[in-house]
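Chemist: Generate coordinates for the sequence data below:
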Amino acid sequence: MRSRAVPGGHDQQAVVDRVKDQYWPGTLMGFGIFIALGSLFTVAPWTLIDPGVLFRVFLVLCFAGNLLPYLRSGLWLGMERLEWFLFNLLAIGPIGTSGLLWINFLFHGPSVTTVHPVSEVIEERTIVTYVFGDDYLSGFPFARGMFRDMLTTTHAAQVRVTVAEGALGYGVVLRKEPLTSVR
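Modeler: A predicted model of the protein is given here:
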């Protein structure tokens, strides 16, 4: 027995009619990638958060939208299933994670400035990383690094570090200033 053709040529005409050809999801996905890269090189090193925790937050934001019913979320926005999956992966996850990092950095509490002795200076091509004698920030190597272009001297006896607690409870490094003489 042959199946008869459905008028309109599709078995799922209700779904096909609701999916629209639109450009904003792809544009937002492209922006999401660049926003994530920008935040990765700017605000992520300043945030005192374990990279594993940051990665888990990123994964949750990337895949949480896929747990929502497709008919009430993706199809309502006019997206196909693959487009909805990629939208969550490339737009919602990166933009959401970057937004949380920036909120934590921009809305911080009172700052505390401390001076720490330098035991070792690790010079790479463009980044100078300070190892403090009192093991301050030892778990956050990116927070101890500075771009060579921003420094007047790379060999410092001490570094003045200004830290504050961010809006989401994670510490943020507001300023690092190498001191050439002991004060």
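Chemist: which outside residues touch the longest strand seen in the chain?
Modeler: Looking across the chain with DSSP state E, the single longest strand is strand 111-123. With contacts defined as CB atoms under 8 Å, 6 or more residues apart in numbering, strand 111-123 is touched by 128-134, 136, 148, 154-164, 174-175, 178-179, 183. All C-beta atoms are positioned from the backbone trio N, CA, C, and that covers glycine.
Chemist: let's see 7 Å
Modeler: Contacts with strand 111-123, where a contact means CB atoms under 7 Å, 6 or more residues apart in numbering, come from 128-134, 136, 154-164, 174, 179.
Chemist: can you pull the buried residues of it?
Modeler: By neighbour count with 16 or more other CB atoms under 10 Å, strand 111-123 contains the buried residues 116, 118.
Chemist: What pairs with that strand, parallel or antiparallel?
Modeler: Sheet pairing of strand 111-123 (DSSP bridges) gives strand 127-132 (antiparallel), strand 158-165 (antiparallel).
Chemist: for the record, mean pLDDT for the first one?
Modeler: Put plainly, it is strand 127-132. Mean pLDDT, computed over strand 127-132, is 89.
Chemist: Quick one: residues in contact with the helix or strand following it.
Modeler: Next in sequence after strand 127-132, counting helices and strands by DSSP states H and E, comes strand 145-147. Residues from elsewhere that reach strand 145-147 (CB under 7 Å, 6+ apart): 45, 126-129, 176.
Chemist: Let me have the residues you listed in JSON lines, extended by distance to Thr113 and neighbour count.
Modeler: Listed next are the contacts of strand 145-147 as JSON lines, based on distance: CB to CB, whole Å; neighbours: other CB atoms under 10 Å:
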{"residue": "Pro45", "distance to Thr113": "19", "neighbour count": "17"}
{"residue": "Thr126", "distance to Thr113": "26", "neighbour count": "10"}
{"residue": "Ile127", "distance to Thr113": "23", "neighbour count": "15"}
{"residue": "Val128", "distance to Thr113": "20", "neighbour count": "20"}
{"residue": "Thr129", "distance to Thr113": "20", "neighbour count": "15"}
{"residue": "Lys176", "distance to Thr113": "11", "neighbour count": "21"}
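Chemist: quick check, nearest of those residues to Met29?
Modeler: Nearest to Met29 among those, counting by CB to CB, is Pro45 at 24.8 Å.
Chemist: Mind checking what secondary structure the closest one has?
Modeler: Here Pro45 is helix, with the state taken from DSSP: H, G, I helix; E, B strand; the rest coil.
Chemist: still on that earlier bit, and the contacts of strand 111-123, which are buried?
Modeler: Among these, the ones that count as buried by 16+ other CB under 10 Å are 128, 130-132, 136, 156, 158-159, 161, 163-164, 179.
Chemist: I'd like to know which of those residues is nearest to Gly96.
Modeler: Nearest to Gly96 out of those is Ala164 (CB to CB; 22.8 Å).
Chemist: right, and that closest one touches Leu106 too?
Modeler: No. Between Ala164 and Leu106 there is no contact under CB atoms under 7 Å: 10.8 Å.
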